[in-house]
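A.B. asks: sequence plus predicted model, see below.
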Amino acid sequence: MSLSSMPDNIIVRLNRVPDPGVLPADIFDLVTEPVPELRSGQILVEILYQAIDAGSRGMLDSAAGYVLTVPPGDRLPASASIGRVFSSLSDQYGEGVLVRLFGGTRQRYQRIDPSRCVGLQVLEPDVGEPLHYLGILGITGFTAWLGITDICRPVPGETVLISVAAGAVGSAAGQFAKALGARVVGIAGGATKCQYVRDQFGFDDCVDYKAADFTERLAQACPQGVNSYFENVGGAVQRAAFALLRDFGRVAMCGQVAQYNGGGEVPGANLMTVVNRQLEVRGFLAHVHYHRLPEFMAQVGQWYREGKLVQPCNVVQGLENLHEAINSLVEGRNIGQQVHQLTASR
């Protein structure tokens with residue numbers, strides 16, 4: 001395909017550092033630029049869907065303490081995308097093929113070198129729901145799997161506690177722990193979400209952190225204490241969870257969502273508990289472990305084929321509505337994987 005017949009690219013750039021709270025409609029600029037010319041072996045992917053995760057908000061200002069901060073004027077990174085090969089100079093990926101890839105930025109067309117792209121995979125719709133390759137079979141699931149298998153390390157009969165249990169990572173982590181034989185208790189916001197976590201995700205119990213007697217309810221749900229805790233949130237939830245950890249408990253520090261909305265750090269647990277109970281508390285970053293993706297797909301793919309895993313997706317359409325896709329996640333309107341569809345359904 002000649003360069004003259006290529007469509008224009010639309011790239012999302014950060015307009016300014018946002019104020020704390022809900023993102024306004026003008027926080028991002030949509031910039032039109034020419035599509036870059038392909039070199040030998042490369043493919044041009046029309047991006048259809050992109051994952052929205054807690055870091056999508058956390059990266060927008062330094063107060064969040066996130067692993068990276070996007071300066072105003074820069075392109076916005078994306079953790080994972082699904083798209084269709086629009087043009088190809090590769091023998092491996094023909095035009096029209098649906099693919100999933102990790103990394104990249106938020107833009108309509110992405111030039112990819114398959115030999116250097118992490119997570120690039122051809123999607124077969126008859127094998128699995130394509131959007132699940134953004135979620136439970138994608139970077140979301142990979143993150144949850146690392147925290148559960150490497151750090152929480154549950155064995156049958158142990159109690160695993162999961163915060164943000166109705167979210168994409170939390171719901172996946174809980175289902176993985178169940179598949180390994182653990183008793184799983186979730187923490188979520190509101191009675192409706194808690195019921196969903198129990199009925200659809202298969203958790204043994206789920207406690208509403210918005211309840212006035214949350215701490216007491218959590219203790220009742222974990223009468224023998226907690227062997228391992230998958231931590232996503234920080235703040236008061238973290239304090240309550242740490243208080244229930246048994247001696248030699250394990251904590252997978254995945255994120256601190258409570259401070260990602262621009263307000264800065266939120267006081268959490270008394271870390272003297274770590275000393276007194278000889279806890280193992282470990283943070284982790286998924287991208288450091290990409291070499292283990294085949295191991296992840298072997299185990300989680302088997303659970304998926306056996307029908308042990310579910311993940312709903314909440315989709316917001318339109319490049320101009322990226323801010324709303326992020327707001328939906330940060331405000332807790334989603335259950336499961338939050339997804340941004342770059343164009344309206346055609």
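C.D. replies: That came through, no problem.
A.B. asks: list the contacts of stretch 207-219.
C.D. replies: The contact list for stretch 207-219 (Cβ atoms under 8 Å, 6 or more residues apart in numbering) reads 185-191, 193-194, 221, 236-237, 240-241, 243-244. No exception for glycine: its C-beta is placed from N, CA and C like everyone else's.
A.B. asks: which one (most neighbours) among those residues?
C.D. replies: Sorting the contacts of stretch 207-219 by how many neighbours each has (other Cβ atoms under 10 Å) puts I187 first, at 31 neighbours.
A.B. asks: tell me who's in contact with the closest residue to V22 other than its chain neighbours.
C.D. replies: Of all residues not flanking V22 in the chain, N327 sits nearest, at 5.4 Å (Cβ to Cβ, 6 or more residues apart in numbering). The contact partners of N327, by Cβ under 8 Å, 6+ apart, come to V22, L23, R333.
A.B. asks: quick one on the thing from earlier: in strands, which of the contacts of stretch 207-219 fall?
C.D. replies: V185, G186, I187, A188 (DSSP state E).
A.B. asks: closest to D53 among those?
C.D. replies: A188 (16.9 Å; Cβ to Cβ).
A.B. asks: quick check: that closest one touching A165?
C.D. replies: Yes. Taking contacts as Cβ atoms under 8 Å, A188 lies within contact range of A165: 4.7 Å.
A.B. asks: shared neighbours of those two, anything?
C.D. replies: Residues within reach of A188 and of A165 at once, by Cβ under 8 Å, 6+ apart, are V197, C206.
A.B. asks: and G263, how far from N232?
C.D. replies: 17 Å (Cβ to Cβ, to the nearest Å).
A.B. asks: quick revisit: any of the contacts of N327 buried? List them.
C.D. replies: L23 (16 or more other Cβ atoms under 10 Å).
A.B. asks: what about the chain, any weak spots by pLDDT?
C.D. replies: Across the chain, the ranges flagged by pLDDT under 70 are 1-5, 125-127, 264, 344-346.
A.B. asks: again, 80 this time
C.D. replies: For the chain, the stretches with pLDDT under 80 are 1-6, 124-128, 259-267, 344-346.
A.B. asks: all helices for it, in order.
C.D. replies: 55-58, 139-146, 168-179, 191-199, 214-221, 235-244, 272-276, 293-305, 322-330 (DSSP state H).
A.B. asks: what's the angle from the last one to helix 168-179?
C.D. replies: With axes from the mean of the first three to the mean of the last three Cα atoms, to 10 degrees applied, the angle from helix 322-330 to helix 168-179 works out at 40 degrees.
A.B. asks: kindly format the C-alpha coordinates of helix 322-330 as PDB.
C.D. replies: Extracted C-alpha coordinates of helix 322-330, given in PDB (Å, rounded to 0.1, in the frame of the first residue of the first chain):
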ATOM      1  CA  LEU A 322     -10.500   8.200  26.800                       C
ATOM      2  CA  HIS A 323     -10.900  10.400  29.800                       C
ATOM      3  CA  GLU A 324     -14.300   8.800  30.500                       C
ATOM      4  CA  ALA A 325     -12.800   5.300  30.200                       C
ATOM      5  CA  ILE A 326     -10.200   6.200  32.800                       C
ATOM      6  CA  ASN A 327     -12.800   7.900  35.100                       C
ATOM      7  CA  SER A 328     -15.000   4.800  34.900                       C
ATOM      8  CA  LEU A 329     -12.200   2.700  36.400                       C
ATOM      9  CA  VAL A 330     -11.000   5.200  39.000                       C
END
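A.B. asks: contacts only, for the closest residue to D61 other than its chain neighbours.
C.D. replies: Among residues not flanking D61 along the chain, V17 sits closest, at 4.9 Å (Cβ to Cβ, 6+ apart). Listed by Cβ under 8 Å, 6+ apart, the contact set of V17 reads L60, D61, P72.
A.B. asks: what's the local residue count around the last one?
C.D. replies: Counted by other Cβ under 10 Å, the residues lying close to P72 total 13.
A.B. asks: wait, it sits on N15?
C.D. replies: Yes. Here P72 reaches N15: they are 6.5 Å apart, a contact under Cβ under 8 Å.
A.B. asks: what's around G21, how many residues?
C.D. replies: Using other Cβ under 10 Å, G21 has 12 other residues around it.
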